[in-house]
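In: Build the 3D model from these lines:
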Amino acid sequence: MRLPESFLQELKARTDMTELVSSYVNLRRSGRNLVGLCPFHREKTPSFNVYPENGSFYCFGCGTGGDVITFVRKIENLDYMEAVRFLAQRAGLTVPEEQVDDSMSRLRTRVLEINRETARFYHRVLLSPEGRPGLEYLTGRGLTMKTIRHFGLGFSPAGRFSLTDHLKKMGYTEQELIQANVAFRSRSGRAMDRFYDRVMFPIIDLRGNVVAFGGRILTDEKPKYINTSDTPVYHKSSGLFAMNFAKNNGGEQLILAEGYMDVISLHQAGFTNAMASLGTSLTVEQARLMARYAKEVVICYDSDGAGQKAAARAIPMLREAGVLVKVLSVPGNKDPDEYIRSHGAEGHAYFKRLLDACGNDVEYRLAKLKEGRNLNAAEDKVAYLTSAAELLATLDSRIEQEVYASRLAGEMGVDKNAILTQVNRQQRQRDRQEKRRQFREIQQELSAVRDPVNPEKSRHLRSANAEEALIAYLFAHPDQAEEVKAQAPPEKFSTAFTRRVYEAVLEKITEDKPLTLTDLTEVLTAEEISAVARLLAKRSSEVAEIGDAAEYIQVILQEAGKLSEEELKNASNEDLMQQMQKLREMKK
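Out: Numbering: from 1, shown residues only. Predicted coordinates for the structure are as follows:
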């Protein structure tokens, strides 16, 4: 069953779209609307718009849009009902749960219960004789029992059915265990433990839920680590290990380490603002999550080739997320865990000195460009300065470019203006490439070849555009709904999607309340809500009047009166004459 209309109206009234989005995105006023950098894709120029008048948002860069519920679903990785609960709790409302068909939320709840019990099971095993190999490994790496308990570390038994049998006794089905990814279906058809004979690291989200696990083998067997795959409660591209602790202790700085043990060792040494990405290269979602809790991120990856490559990939993402980036290089090609342990009781002090002395990402990247070059040789000097100019061209701040150009000029004994000329040339080339990319996207959008929500639009472009415009008109002029419906009934619409939206809008419009996207969230999918947000955003700057609506309706009726391609092929001369007469009458 649907949520009561009265509850949704109260939730909408108590939720300020601008205030909500501002807690995730830095917004600035632009006329009646607000703009900022999109939290859902990488961009340098703000294309994310918030429209307070109709309670919607839309990004012209990636095409994501919707209402407050859609925004919370995407930014917090929640399903529909969880997003409603999130907003209700924020607004001080109670969700009428008994009236809701909530199968996905129930599944997510069961998966979280399974994960919680799994973490407890692994921790108990670690502290038992069966978990001795795991405990010896962790204490051998210098971890105290206090730290082991704090992170809830565990050990998965060597038996292939130990966890599965335990959870089945607690009433969980094999299918639920497989959906939680703590088990998989064996060739015999029986559910089997996914993790066995490994040290276990539970992964906890920002709300304190155990959402996944990482497991480390203690032998030379490969792979060394295996991690939970994506599940109804976990997406590895958006999670960060130990962020649940670091977000409360970071102040304005976070330390981005490479692995579980690095993070745990840093926490034990007193650096409780450390966290790590989860078995993958850093993602845009993870960078934006860090930017919500800190102004500065210190990259502290291993000093080997793989760590340096990972740092090079992470720097632009973090910069575009809006944080100051620094890079800490641990001496002796050691990882942070090794370095701290090698200095015993002084580990904290030694690492703190490294942290205080580390340079920013530009200095780090310039130093990397110097490596392996003989700067006394003309060709190496030119190559270094050319590469440095390419780097400076990626910086958004002209002041930064000027500062580093001056420094390079002094170091290399060349004219600063020569460096800036090369920077400008590189920047113009990058701008041309970006404009070409944007132009291709615009062409694809105009041709409607990539509209999965309304695949019929490409075959009915004129009428579909008029139908979208009429829907946007009704959002601005709900008092005209009855008259518009009388002139353009839903059956005259050319695509199934615009017809459904039109019908939903007409049904939801009332005389005493403004229409917003939230009114449609229970009758349209998240993708359809996003599509409606798009058509509203594209017409947000237009002030549609009654005369405009009349034109939209005329186009809709004209297109509805035309014969289809199939009908034209089979039409007689008499049919064609009648069609021509109908079109003439419509134009009058």
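
In: How about residue 155: what's its closest non-neighbour residue?
Out: residue 134 (3.3 Å; C-beta to C-beta, 6 or more residues apart in numbering). Glycine gets a C-beta too; all of them are placed from N, C-alpha and C.

In: That neighbour: how many residues sit nearby?
Out: 25 (other C-beta atoms under 10 Å).

In: Then it would be within a helix, right?
Out: Yes. Looking at residue 134 with DSSP: H, G, I helix; E, B strand; the rest coil, it is inside a helix.

In: List the residues that contact residue 508.
Out: By C-beta atoms under 8 Å, 6 or more residues apart in numbering, the contact list for residue 508 reads 515, 519, 520.

In: Distance of the nearest residue to the second one once chain neighbours are set aside relative to residue 490?
Out: The shortest distance from residue 519 to any non-neighbouring residue, by C-beta to C-beta, 6+ apart, is to residue 508 (4.3 Å). With the distance defined as C-beta to C-beta, to the nearest Å, residue 508 ends up 14 Å from residue 490.

In: One more: residue 414?
Out: 70 Å.

In: Quick one: low-confidence residue ranges for the stretch 301-450 of the chain.
Out: Where the stretch 301-450 of the chain drops to pLDDT under 70, the residues are 438-450.

In: Now do the buried residues in the helix or strand hosting residue 137.
Out: Of the helices and strands defined by DSSP states H and E, residue 137 is found in helix 132-140. Judged by neighbour count (16 or more other C-beta atoms under 10 Å), helix 132-140 contains these buried residues: 133, 134, 135, 138.

In: What's the mean pLDDT across that helix?
Out: Helix 132-140 comes out with an average pLDDT of 96.

In: Check which helices and strands it sits against.
Out: Applying 3 or more C-beta pairs under 8 Å, 6 or more residues apart in numbering; DSSP states H and E, we find helix 132-140 packed against helix 103-126, helix 145-150, strand 154-156, strand 198-204.

In: Please save the CA atoms from the longest one in CSV.
Out: Translated: helix 103-126. In CSV, the C-alpha atoms belonging to helix 103-126 read as follows (Å, rounded to 0.1, in the frame of the first residue of the first chain):
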residue,chain,number,x,y,z
SER,A,103,9.8,-5.7,0.7
MET,A,104,13.2,-4.2,-0.3
SER,A,105,13.6,-2.5,3.0
ARG,A,106,12.8,-5.7,4.8
LEU,A,107,15.5,-7.5,2.8
ARG,A,108,18.0,-4.7,3.6
THR,A,109,17.1,-5.0,7.3
ARG,A,110,17.6,-8.8,7.2
VAL,A,111,21.0,-8.4,5.4
LEU,A,112,22.1,-5.9,8.0
GLU,A,113,21.1,-8.3,10.8
ILE,A,114,23.0,-11.1,9.1
ASN,A,115,26.1,-8.9,8.8
ARG,A,116,25.9,-7.9,12.5
GLU,A,117,25.6,-11.5,13.6
THR,A,118,28.4,-12.5,11.2
ALA,A,119,30.7,-9.9,12.7
ARG,A,120,29.9,-11.2,16.2
PHE,A,121,30.5,-14.8,15.1
TYR,A,122,33.9,-14.0,13.5
HIS,A,123,35.0,-12.0,16.6
ARG,A,124,34.1,-14.8,18.9
VAL,A,125,36.0,-17.3,16.8
LEU,A,126,39.1,-15.0,16.9
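
In: State the mean pLDDT of that helix.
Out: Here helix 103-126 scores 92 as its mean pLDDT.

In: quick one: stretch 161-169 to chain centroid distance?
Out: Relative to the centre of its chain, stretch 161-169 is centred 34 Å away, using C-alpha atoms, centre = their mean, to the nearest Å.

In: Check the secondary structure at residue 46 for me.
Out: Following three-state DSSP, residue 46 is assigned to coil.

In: Count the neighbours of it for me.
Out: 19.

In: what about the stretch 1-150 of the chain, any weak spots by pLDDT?
Out: Short version for the stretch 1-150 of the chain, where the test is pLDDT under 70: 1-2, 97-102.

In: how's the chain carved up into domains?
Out: 5-99, 104-227, 240-360, 372-445, 455-587 (automatic domain parsing).

In: ok so, going back, so which of the helices and strands packed on helix 132-140 is the most packed in?
Out: Comparing the helices and strands packed on helix 132-140 by mean neighbour count (mean count of other C-beta atoms under 10 Å), strand 154-156 comes out on top with a mean of 27.

In: Report all helices and strands that that one contacts.
Out: helix 103-126, helix 132-140, strand 198-204.

In: Average pLDDT for that strand, rounded please.
Out: 98.

In: who touches the residue lying closest to residue 370 once chain neighbours are set aside in this structure?
Out: Spatial nearest neighbour of residue 370, excluding adjacent residues (C-beta to C-beta, 6+ apart): residue 384 at 6.2 Å. For residue 384, the contact set (C-beta under 8 Å, 6+ apart) comprises 369, 370, 373, 375, 412.

In: How about residue 529?
Out: Counting by C-beta under 8 Å, 6+ apart, residue 529 has contacts 65, 66, 67, 70, 517, 520, 521.

In: Closest to residue 158 out of those residues?
Out: residue 70 (45.8 Å; C-beta to C-beta).

In: Looks like the closest one contacts residue 521 (just checking).
Out: Yes. Counting by C-beta atoms under 8 Å, residue 70 does reach residue 521; the two are 7.3 Å apart.

In: pretty sure residue 255 belongs to a helix, no?
Out: No. Using three-state DSSP, the assignment for residue 255 is strand, not a helix.

In: Next up, the contacts around it.
Out: Taking C-beta under 8 Å, 6+ apart as the criterion, residue 255 is in contact with 246, 266, 271, 273, 274, 275, 297, 298, 300, 328, 355.

In: The third one: what's its closest spatial neighbour, skipping adjacent residues?
Out: The one in question is residue 271. For residue 271, ignoring the flanking residues on the chain, the nearest one in space by C-beta to C-beta, 6+ apart is residue 255 at 6.0 Å.

In: which residues pair with that neighbour across the strands?
Out: Beta-bridge partners of residue 255, counted by DSSP bridges, are residue 274, residue 298.

In: What pLDDT does the model give it?
Out: pLDDT, the model's per-residue confidence, is 95 for residue 255.

In: Over to residue 459?
Out: pLDDT, residue 459: 80.

In: ok, it - contacts?
Out: No contacts exist for residue 459 under C-beta under 8 Å, 6+ apart.

In: Against residue 466, how distant is it?
Out: 15 Å.

In: where exactly do the helices run in the stretch 401-550 of the chain?
Out: Assigned by DSSP state H, counting those that start in this stretch, the stretch 401-550 of the chain shows helices spanning 416-447, 461-476, 481-487, 496-508, 526-538, 546-561.
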